[in-house]
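1. Take a look and give me a structure for this.
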Amino acid sequence: MQLYDISITLRPTMAVWPGDDPFRVTPTACMANGDNCNLSRLEMGSHTGTHVDPPLHFIDGADGVDKLDLERLVGPAEVLDCTGMREVDAHALEGRLAEGVIPLLKTDSSHAPDTAPFCDDYVYLTLEAARLVAKSGVKTVGIDYLSIAGKDATPVHQALLGAGIVIIEGLRLAHVPPGRYTLVCLPLKIEGCDGAPARAILIET
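-> Predicted coordinates:
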């Protein structure tokens, strides 16, 4: 069995969405200074690094990340090779989506640094492709930069989240060959929150 860690390492130098708060770690106790343990305070936005978007992110009054059915984030997945594309359109996904299998889109953004500054020319899913995904019977979709949508994020997010599809953003897939795996992606359980960082792994058996 082989495990692939497909998560971004949280650190102060990491890229965040423009306008979001940077990630910070502030020591509050330090054994080197005579304290009896090491302890830190973490500061970050709810969509920092590898993270999960629940319906509440773009649908007011919908379920937050704590209400997600974890069966949507654990199970069969397929890393789809979408490299060489400026955007992932419906044609690129036609015939490649299998009901019950989570598509993880490996694009050229997998090779973009996960450190600041933010990469403006990331690869994203078009609205037509999002509508195709929404009709395909998949329960979750993931992509390898900090947003699945282009700069006009609302239509794509609403097309997916409105269809009950959970979104995983900020995956690291450069080192993962295309193919079938088991995905385990567990977001922090934050009551009523619009998103949460997650640790995501792929298991090859």
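2. Just the strands from the protein, written as ranges.
-> When secondary structure is read from DSSP state E, the chain shows strands at 2-5, 24-29, 39-43, 51-53, 74-81, 102-106, 140-143, 166-169, 179-187, 196-204.
3. Tell me the helices and strands packed up against the fifth one.
-> Going back to what we said before, that points to strand 74-81. strand 102-106, strand 179-187 (3 or more CB pairs under 8 Å, 6 or more residues apart in numbering; DSSP states H and E). For the C-beta atoms, the positions are set from N, CA and C on the backbone; glycine is no exception.
4. Check what pLDDT the most centrally placed residue in the chain gets.
-> Averaging the C-alpha coordinates of the chain gives a centre point, and the residue nearest to it by CA atoms, centre = their mean is Glu169 (1.9 Å). Model confidence at Glu169, expressed as pLDDT, equals 98.
5. Please apply the same query to the one 5 residues further on.
-> Model confidence at Ala174, expressed as pLDDT, equals 97.
6. Contact partners for it?
-> With contacts defined as CB atoms under 8 Å, 6 or more residues apart in numbering, Ala174 is in contact with Lys106, Ser110, His111, Asp144.
7. at 6 Å instead, please
-> By CB atoms under 6 Å, 6 or more residues apart in numbering, the residues touching Ala174 are Ser110, His111.
8. Out of the helices and strands packed on strand 74-81, which gets nearest to Met44?
-> strand 179-187 (13.1 Å; CB to CB).
9. in that closest one, what counts as buried?
-> Counting neighbours by 16 or more other CB atoms under 10 Å, one finds that the buried residues in strand 179-187 are Tyr181, Thr182, Leu183, Val184, Cys185, Pro187.
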